[in-house]
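# Starting from these lines, generate the structure:
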Amino acid sequence: MVDPMGWLAGREPSPPEELRARLRLDPVEGKTISRALSAAAAEQLGEALARPGRSREGAFHLLAADAFMTYACEAAADAPDLEMRLSEMLAALATADGSSDLSGA
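As a prediction, the model looks like this:
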């Protein structure tokens, strides 16, 4: 089981409080940190897309998606299969609802 929140807690600089409140994830089984974070990014992007227009709520979802994906890339940076991981992350974002299968270890 991996704990994305434990991993995120060590990142510097820390995000502003309004954004940090949206960067919440439960521990997950069967995923790497990068896969858990990219799935969260896709979910947040889907939430942003569900709120078209100029809404503050939609903007925060978009910012959370960006933060999760940035952290996912950081977590995957040292992976031996980096190109495959990045491709998976893009596929998850393309669905905008996180339905891509990112369950691999």
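# residues near the residue nearest to Pro27 when sequence neighbours are not counted, how many?
Spatially, and ignoring its direct neighbours in sequence, Pro27 is nearest to Asp3 (4.6 Å; C-beta to C-beta, 6 or more residues apart in numbering). No exception for glycine: its C-beta is placed from N, CA and C like everyone else's. When counting by other C-beta atoms under 10 Å, one arrives at 14 neighbours for Asp3.
# Asp3 and Thr32 touch, don't they?
No. Contact criterion C-beta atoms under 8 Å: Asp3 and Thr32 do not qualify, at 11.8 Å.
# pull the CA atoms of the lowest-mean-pLDDT helix or strand in the chain into CSV?
Lowest on mean pLDDT, DSSP states H and E among the helices and strands of the chain sits helix 17-20, with a mean of 81. Extracted C-alpha coordinates of helix 17-20, given in CSV (Å, rounded to 0.1, in the frame of the first residue of the first chain):
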residue,chain,number,x,y,z
GLU,A,17,-3.6,26.6,1.9
GLU,A,18,-6.7,26.9,-0.4
LEU,A,19,-5.1,24.5,-2.9
ARG,A,20,-3.6,22.2,-0.3
